[in-house]
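# let me see the structure of the following:
(2 chains)
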There are 2 protein chains.
Amino acid sequence: MKVDGKDMRPIWFEKESETVQVIDQRFLPHKLIIEDLNTVDDTIHAIREMYVRGAPLIGATGAFGVYVILVQENNKGGDNEYLVSECKRLKDARPTAVNLSWGVDRVMSVALNRDNYKARVKAALDEALKIVEEEVVNCRKIGEYGMSVIEEISKEKNGKPVNILTHCNAGWLACIEYGTATAPIYAAFDNNIDVHVWVDETRPLNQGSRLTAWELGKHGVPHTIITDNAGGHVMQHGMVDLVIVGTDRTTRAGDVANKIGTYLKALAAKDNNIPFYVALPSSTFDWEITDGLADIPIEERDPGEIRYVQGLCNGKIEKVLVPPEASKAANHAFDVTPARLVTGFITERGIVRAAEKDIMSLFPDKKK
Amino acid sequence: MKVDGKDMRPIWFEKESETVQVIDQRFLPHKLIIEDLNTVDDTIHAIREMYVRGAPLIGATGAFGVYVILVQENNKGGDNEYLVSECKRLKDARPTAVNLSWGVDRVMSVALNRDNYKARVKAALDEALKIVEEEVVNCRKIGEYGMSVIEEISKEKNGKPVNILTHCNAGWLACIEYGTATAPIYAAFDNNIDVHVWVDETRPLNQGSRLTAWELGKHGVPHTIITDNAGGHVMQHGMVDLVIVGTDRTTRAGDVANKIGTYLKALAAKDNNIPFYVALPSSTFDWEITDGLADIPIEERDPGEIRYVQGLCNGKIEKVLVPPEASKAANHAFDVTPARLVTGFITERGIVRAAEKDIMSLFPDKKK
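This is a model prediction of the structure:
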């Protein structure tokens, strides 16, 4: 998408230097910093420390990570056992992210299919690039399908702005291009449908107020930041027409793991009869599990993410301690929204109700 | 309550120096700054700039303010007209705070009833102190009634810690002693019932992570700070036994206006069959209105409160800008939780279900 008129993605392969590069998203919106991923440890660090975040981008980073394992300085890229064990280490960087395992495994198995080291490296890079392009195509399709929902509301409102609430950042920064939750918004905006986005700030890491607001602003989409607390109030007062969020992992029955707080917004949407959509590429479905609450482990992250808030202070990026030094904090990173609260899924194959039967009819190839 | 072993309140009359003193709560939890209120302008400043906050404390500060008007250096305390006009100026410090007018008017009318200047000063001070003690008694009774709810859960859990979630700060910092939502918690803790408190950070002003956590910590009550987003998740996973919040205004039918985000927690409590109580002195009921969503105007505050976060940075209190400079924010300060989501009210007269009939049976003197 555009940043100050220039096309940009959150990860890319820089051909001249043969380097995988990423935006270090931790310093957005105040500083746009680009980093090289030269080693598997760089890659693990970038995933764990959230230079990169969001399911599809984590998947793509994992995919490129296999290439990085093969070419890194101390490479033992001809050694299958080494490759498999380094790939395992890479996959462990964020255990909740199903796309990470998926991206790593896909490129790894392609690489393992080549005996020749050079062919192995080339195959890994090609496969990683292919994954990236698949994500882009998926997001574009999600945008097209999702736009129809916005268009319909726009017609009902006689062209008055459609108010869409989103949580966290399921934008192009998370998904390479268009985003998932934002793809329908960008598509609608680019097709001259009047939209306005309520951006949840999304504590503790403020991916909404830092990243989604930055993305939307750079693309020119009207938006307003609200606290995570405010979503219920704006819904009660008719100020929200539609909720669209992303997901990190969704069960075959339609239970949705997404950024902590999503469940609360789904409850409020239900209580106010507001459609609540989840946008996702089908790779985010976990076809092996049904019950999200029982079967999706929820990552607990560093409480420091809650205790310290990062922002700009006198031109420098600083962190301030908010609570008392002595108080503990707990940082549950995701929650699970039961399928009963979800209106539908916007996927690259179309829109489907949040029920196993419907999901399986759209993805018959995934039937057990 | 205790602060480092010493009894403390957010406002008091220092007998030796004959001075009204307050905690400047803006710098908690990092700095405990105490200020003298020597003039009416000091008092107005402390109210307007939120050195003091919370309905009961604002009322008490207004009450002491009348005494300050009478004794301040340039006193014209024998002059009725002067007293009335200065009291009006004091009441205008926060025009929406009902308790402020109430506290000022009550002390002013007592003072105006005395001809003798000395008697006037004494009567004003006595009345202000009486208001303070009334608040303290109300909170103590709320604590006693509310403790029974905690005690019952504690028995059901065979003495395992009772996990209580609270939002914002309805503690002694807002209410002089015990607090409202916190009163049952302090009472239970002081009676050796095992409790643990989930403290919502309460964006945008972080009254939970800054003030409630500080209060609980200083009194030794086990607590853990969570983001406002996390309440639903901890409820889904059986980690919450009870929710207790305060309120700024509650209708005779039981609709509850409280800090933004309360409604979302009430929805989650309902969805997980967790009791959701609202603790309040009966002065917080607005007997004139029934429908909270229609009849309670919601204050929109400065968006800067969302955009900037205050905390400690290198030993200094600083503010950091979180979102892009160019992004707008909207700061709805309260929301309304419909009575259907409230299990009961904990008042100084006892506990009552959240329904007009039940509320009126506890307060028959308020029948229309």
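# every contact and neighbour count from this point should use C-alpha atoms.
Will do.
# would you mark the buried spots in stretch A:134-154?
Under the neighbour-count criterion of 16 or more other CA atoms under 10 Å in any protein chain shown, stretch A:134-154 has A:135-147, A:149-151, A:153-154 buried.
# so how far is it off the chain centroid?
Centroid separation for stretch A:134-154 versus its chain: 16 Å, with CA atoms, centre = their mean, to the nearest Å.
# can you dump the C-alpha atoms of that stretch in CSV for me?
Extracted in CSV, the C-alpha atoms of stretch A:134-154 (Å, rounded to 0.1, in the frame of the first residue of the first chain):
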residue,chain,number,x,y,z
GLU,A,134,-0.7,-16.0,-2.4
GLU,A,135,-1.3,-13.8,0.6
VAL,A,136,-1.6,-10.7,-1.5
VAL,A,137,-4.1,-12.4,-3.8
ASN,A,138,-6.1,-13.8,-0.8
CYS,A,139,-6.3,-10.3,0.8
ARG,A,140,-7.4,-8.8,-2.5
LYS,A,141,-10.2,-11.3,-2.8
ILE,A,142,-11.2,-10.8,0.9
GLY,A,143,-11.4,-7.1,0.1
GLU,A,144,-13.6,-7.7,-2.9
TYR,A,145,-16.0,-10.0,-1.1
GLY,A,146,-16.1,-7.9,2.1
MET,A,147,-16.7,-4.7,0.1
SER,A,148,-20.1,-6.1,-0.9
VAL,A,149,-21.2,-6.1,2.8
ILE,A,150,-20.1,-2.5,3.1
GLU,A,151,-21.7,-1.5,-0.2
GLU,A,152,-25.1,-3.0,0.9
ILE,A,153,-25.0,-1.0,4.2
SER,A,154,-24.0,2.1,2.2
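# touching it from outside, list them.
Under the criterion CA atoms under 8 Å, 6 or more residues apart in numbering or on different chains, residues A:56, A:160-162, A:175-180, A:182-188, A:193-194, A:241, A:279-281, A:346-351 lie in contact with stretch A:134-154.
# let's see that with 6 Å instead.
Contacts with stretch A:134-154, where a contact means CA atoms under 6 Å, 6 or more residues apart in numbering or on different chains, come from A:162, A:177-180, A:183-184, A:187-188, A:346-348, A:350.
# buried members of those residues into ChimeraX, please.
A single ChimeraX command is used to select the members of those judged buried by 16+ other CA under 10 Å:
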select /A:162,177,178,179,180,183,184,187,188,346,347,348
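# which phi and psi does A:Gln236 have?
phi -60, psi -30 (degrees, to the nearest 10).
# then A:Thr227?
phi -70, psi 160.
# so it touches A:Glu201, yeah?
Yes: the criterion here is CA atoms under 6 Å, and A:Thr227 meets it with A:Glu201 at 5.4 Å.
# between those two, who's got more neighbours?
A:Glu201 (33 against 29; other CA atoms under 10 Å in any protein chain shown).
# list the contacts for that one?
Residues near A:Glu201 by CA under 6 Å, 6+ apart: A:208-209, A:227-228.
# nearest to chain B among those?
Comparing the contacts of A:Glu201 against chain B with CA to the nearest CA places A:Ser209 closest, at 4.9 Å.
# looking at it, the closest one is touching B:Pro323, isn't it?
Yes: A:Ser209 is within contact range of B:Pro323, at 4.9 Å (criterion: CA under 6 Å).
# what's the average pLDDT for the longest helix along chain A?
Ranked by number of residues, the top helix in chain A under DSSP state H is helix A:117-156. Helix A:117-156 carries an average pLDDT of 96.
# stretch A:243-262 now?
96.
# can you check stretch A:64-81 too?
84.
# before we move on, what about stretch A:228-240?
In this model, stretch A:228-240 has a mean pLDDT of 98.
# and stretch A:357-366, by the same measure?
pLDDT averaged over stretch A:357-366 gives 95.
# give the buried residues for that stretch.
A:358-360, A:362.
# for stretch A:226-243, measure first residue to last.
End-to-end span of stretch A:226-243 (CA to CA, to the nearest Å): 14 Å.
# need the contact partners of it.
A:163-166, A:199-202, A:268, A:274-276, B:260-261, B:329-330, B:335.
# for stretch A:171-187, same thing?
Stretch A:171-187 has contacts (CA under 6 Å, 6+ apart) with A:9-10, A:53-54, A:56-57, A:136, A:139, A:143, A:146-147, A:170, A:244-246, A:279-280.
# just give the number of residues close to the closest residue to chain B within the stretch 101-250 of chain A.
Residue of the stretch 101-250 of chain A nearest chain B, by CA to the nearest CA: A:Asn229 (3.9 Å). By the criterion of other CA under 10 Å, A:Asn229 has 31 neighbours.
# for it, helix, strand, or coil?
Following DSSP: H, G, I helix; E, B strand; the rest coil, the label given to A:Asn229 is helix.
# gap between it and A:Ser361?
For A:Asn229, the distance to A:Ser361 - CA to CA - is 37 Å.
# one more: A:Ala97?
25 Å.
# ok, now A:His233?
Counting by CA to CA - A:His233 and A:Ser361 are separated by 36 Å.
# repeat for A:Ser327
50 Å.
# give me the buried subset of the contacts of A:Glu201.
For the contacts of A:Glu201, a burial check counting by 16+ other CA under 10 Å picks out A:208-209, A:227-228.
# can I get these in a markdown table with distance to B:Tyr308?
Listed next are the buried ones among the contacts of A:Glu201 as a markdown table, based on distance: CA to CA, whole Å:
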| residue | distance to B:Tyr308 |
| --- | --- |
| A:Gly208 | 15 |
| A:Ser209 | 11 |
| A:Thr227 | 12 |
| A:Asp228 | 15 |
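# name whatever forms a beta bridge with A:Val245.
A:Val278 (DSSP bridges).
# wait, what's in contact with it?
A:166-167, A:181, A:278.
# against A:Lys76, how distant is it?
41 Å.
# what of A:Ala354?
According to CA to CA, A:Ala354 and A:Lys76 sit 45 Å apart.
# of these two, who's got more company?
Legend: neighbour count by other CA under 10 Å for A:Ala354 and A:Lys76, higher for A:Ala354 (23 against 15).
# what are the phi and psi values at the more buried one?
For A:Ala354, the backbone dihedrals are phi -90, psi 70 (criterion: degrees, to the nearest 10).
# contacts only, for the residue nearest the centre of chain A.
By CA atoms, centre = their mean, the mean C-alpha position of chain A lies nearest to A:Gly54, the distance being 2.6 Å. Neighbouring residues of A:Gly54 by CA under 6 Å, 6+ apart: A:Ala174.
# quick check: phi and psi on it?
According to degrees, to the nearest 10, A:Gly54 has phi 100, psi 140.
# with just CA atoms, put stretch A:89-106 into PDB.
Provided in PDB are the C-alpha atoms of stretch A:89-106 (Å, rounded to 0.1, in the frame of the first residue of the first chain):
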ATOM      1  CA  ARG A  89      13.200 -23.500  16.800                       C
ATOM      2  CA  LEU A  90      11.800 -21.000  14.400                       C
ATOM      3  CA  LYS A  91       8.300 -22.400  14.800                       C
ATOM      4  CA  ASP A  92       8.500 -22.000  18.500                       C
ATOM      5  CA  ALA A  93       9.100 -18.300  18.300                       C
ATOM      6  CA  ARG A  94       5.300 -17.800  18.700                       C
ATOM      7  CA  PRO A  95       3.400 -20.900  19.600                       C
ATOM      8  CA  THR A  96      -0.100 -19.400  19.200                       C
ATOM      9  CA  ALA A  97       0.500 -18.400  15.600                       C
ATOM     10  CA  VAL A  98      -0.600 -21.300  13.400                       C
ATOM     11  CA  ASN A  99       0.600 -19.500  10.300                       C
ATOM     12  CA  LEU A 100       4.100 -19.600  11.500                       C
ATOM     13  CA  SER A 101       4.200 -23.400  11.600                       C
ATOM     14  CA  TRP A 102       2.300 -23.600   8.300                       C
ATOM     15  CA  GLY A 103       4.700 -21.200   6.500                       C
ATOM     16  CA  VAL A 104       7.800 -22.900   7.900                       C
ATOM     17  CA  ASP A 105       6.600 -26.400   7.200                       C
ATOM     18  CA  ARG A 106       5.600 -25.600   3.600                       C
END
